[in-house]
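K.L.:
whatever this is, show me its structure:
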Amino acid sequence: MRIVRTQQINLRRYHLSDFQLNEIYTPPNGLPAVDVVFMHGLGDAFESCWQNPAGKSGEVWPVWLSEAFPGISIWGLDYPTSKYSALLNGPDLSLLTVAASLSELLRAKKIGRRPLVLVCHSLGGVIAKAMLRACESSTTTPKKAIFDNCKGVVFLASPHSGSPLASILSLIPGVASKQTQELEKAGALLVDLNTWYKNKAPSAGVRSCAFYETMNTKGAMVVDAGSANPGVPDCDPIPIDANHRDICKFGHRDEFGYLCIKNFLEELFEFERLDVADQVSVDDLEYYISTVQGDRLSLAEKLEKGGKCDQEIDDAEAEKERIHKMVRRNAISGSARQKYRQFLSEVLTLFRVHIAPLIRSGADEVAVNTAIHSKLLAPLSEKQALNDLFNVADIHSAIYYLTGNCHINWTKPHD
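P.N.:
Presented below is the predicted three-dimensional model:
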């Protein structure tokens with residue numbers, strides 16, 4: 001997995017400077033064939049949107065795709081609900097302007113240089129279409145490339161007509177009381193975006209996959225089959241036995257919705273002749289045990305910025321050195337190197353999915369430590385019996401090891 005440093009984009013005009021596009025997984029060789037970007041709806045976040053509370057601890061299903069298609073990169077878009085909700089219903093209805101700004105965020109992460117797939121829940125699909133529209137009309141080559149290289153969009157209960165918008169917004173805290181006039185304007189925008197998408201997507205080679213819920217949310221059907229239909233060829237909306245909130249939460253790999261999305265991606269990659277097989281080798285362990293490019297702060301300096309005390313820092317440095325010697329000593333055979341690569345990759349992925357967002361949000365040390373134990377140590381401990389090269393104590397130590405090698409950042413907001 002290759003970590004891309006968060007790059008601050010100046011969106012202060014719209015108060016969107018804290019929008020984040022976070023890399024969740026990238027092949028250790030750093031050469032993904034496809035970027036897959038997950039876009040949650042309003043009133044949500046990456047982890048809460050794509051994780052089924054009844055599933056295994058720590059599992060967020062987008063990460064499963066890295067097992068099915070090891071040659072892809074997986075990204076998660078996160079944004080603050082209150083700020084985005086205000087923009088959607090603001091006096092200037094600046095959704096298109098916001099979408100143009102978000103395209104700059106993708107550009108900063110170099111997305112658009114490779115084939116791109118968007119996976120969207122609810123109004124995340126509206127944001128996706130608005131962003132693609134902004135890129136299609138852009139005169140800036142890297143932004144235009146985002147549209148040109150978009151190969152597919154998955155819509156999970158996304159409204160393509162304006163009728164269900166008020167029902168969706170009623171599910172978002174603080175939005176239900178917005179003026180009816182603004183909701184009507186937003187509904188008209190949805191219709192306009194869908195007309196554009198129906199005309200542009202097929203001719204541009206963008207393939208679509210759509211799902212709709214079959215269960216009520218708060219006593220009402222939010223996005224039905226008609227509204228969930230983007231109206232493009234080769235896209236018959238698929239019913240999912242779930243409500244609007246849960247349609248994007250898969251608890252196991254055999255769940256119908258996940259299998260449908262996996263199959264859509266498999267067919268898409270085959271149609272586009274994209275090689276998303278595992279291109280890594282056992283020698284890609286070197287990526288994790290070598291210091292990557294980035295800031296050159298020491299482990300102690302990074303942990304100090306993260307609020308750790310002197311004793312914790314001393315213990316962390318000792319643990320980092322212990323893991324370093326253990327890996328170097330034992331990773332001689334090819335099978336051992338592969339086990340260590342898998343172990344460090346899983347630690348890093350779980351940290352980026354569950355722990356990094358807490359640190360970025362300014363959560364206190366108790367909350368961060370609790371998440372480390374429940375979301376990282378617990379699930380990996382369950383797998384410990386399958387790997388005879390490390391024990392439970394090594395899991396926590398590996399966090400500091402990866403921190404020291406510039407894979408993990410403990411910097412809090414405004415540091």
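K.L.:
just the helices in the stretch 1-150 of the chain please.
P.N.:
Assigned helices in the stretch 1-150 of the chain, in chain order: 46-50, 64-68, 81-88, 95-108, 124-136, 141-148 (criterion: DSSP state H, counting those that start in this stretch).
K.L.:
quick one: closest of those to residue 359.
P.N.:
helix 46-50 (13.3 Å; Cβ to Cβ). No exception for glycine: its C-beta is placed from N, CA and C like everyone else's.
K.L.:
which outside residues touch that closest one?
P.N.:
With Cβ atoms under 8 Å, 6 or more residues apart in numbering as the test, helix 46-50 has contacts from 22, 24, 38, 40-41, 60-62, 76-78, 121, 248-249, 353-354, 357.
K.L.:
next one: stretch 265-280
P.N.:
27-29, 31, 33-34, 36, 65, 68-72, 115, 117, 151-152, 207, 341.
K.L.:
for the protein, give me the ranges with low pLDDT.
P.N.:
1-18, 43, 55-58, 79-98, 162-187, 278-307, 328-335, 383-390, 404-415 (pLDDT under 70).
K.L.:
that one - how does it break down into domains?
P.N.:
Domains of the chain are assigned by automatic domain parsing as 12-271, 282-404.
K.L.:
need the winner for burial among these.
P.N.:
domain 12-271 (a mean of 19; mean count of other Cβ atoms under 10 Å).
K.L.:
would you map the strands across the stretch 151-300 of the chain?
P.N.:
207-213, 238-240 (DSSP state E, counting those that start in this stretch).
K.L.:
pull up the pairing partners for the last one, direction included.
P.N.:
When you say that, I think you mean strand 238-240. strand 207-213 (parallel) (DSSP bridges).
K.L.:
using PDB, list the CA coordinates for the partner strand.
P.N.:
The C-alpha coordinates for strand 207-213 follow below in PDB (Å, rounded to 0.1, in the frame of the first residue of the first chain):
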ATOM      1  CA  ARG A 207     -20.800   2.400 -17.900                       C
ATOM      2  CA  SER A 208     -23.400   2.600 -15.100                       C
ATOM      3  CA  CYS A 209     -24.700   0.300 -12.500                       C
ATOM      4  CA  ALA A 210     -27.700   1.300 -10.300                       C
ATOM      5  CA  PHE A 211     -29.400  -0.100  -7.200                       C
ATOM      6  CA  TYR A 212     -32.600   0.900  -5.400                       C
ATOM      7  CA  GLU A 213     -34.100   0.000  -2.000                       C
END
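K.L.:
which residues touch that strand?
P.N.:
151-158, 201, 221-225, 227-230, 232, 234-235, 237-240, 242-244, 247, 257, 260-261, 264, 268, 271.
K.L.:
how long is stretch 243-254 end to end?
P.N.:
19 Å (Cα to Cα, to the nearest Å).
K.L.:
also stretch 246-254?
P.N.:
16 Å.
K.L.:
swap in stretch 363-380?
P.N.:
By Cα to Cα, one end of stretch 363-380 lies 23 Å from the other end.
K.L.:
before we move on, what about stretch 127-146?
P.N.:
14 Å.
K.L.:
residues in contact with it?
P.N.:
39, 95-96, 98-100, 102-104, 106-107, 111-113, 116, 118, 120, 147, 150, 153, 193-194, 196-197, 200, 204, 206.
K.L.:
rerun at 6 Å
P.N.:
If you take Cβ atoms under 6 Å, 6 or more residues apart in numbering as the criterion, stretch 127-146 is touched by 39, 95-96, 99-100, 102-103, 106-107, 112, 118, 120, 147, 193, 196-197.
K.L.:
contacts only, for residue 124.
P.N.:
Counting by Cβ under 6 Å, 6+ apart, residue 124 has contacts 39-41.
K.L.:
let's see that with 7 Å instead.
P.N.:
Contact analysis of residue 124 by Cβ atoms under 7 Å, 6 or more residues apart in numbering lists 39-41, 158.
K.L.:
max pairwise distance over those residues: which two?
P.N.:
40 and 158, at 11.4 Å, using Cβ to Cβ across the contacts of residue 124.
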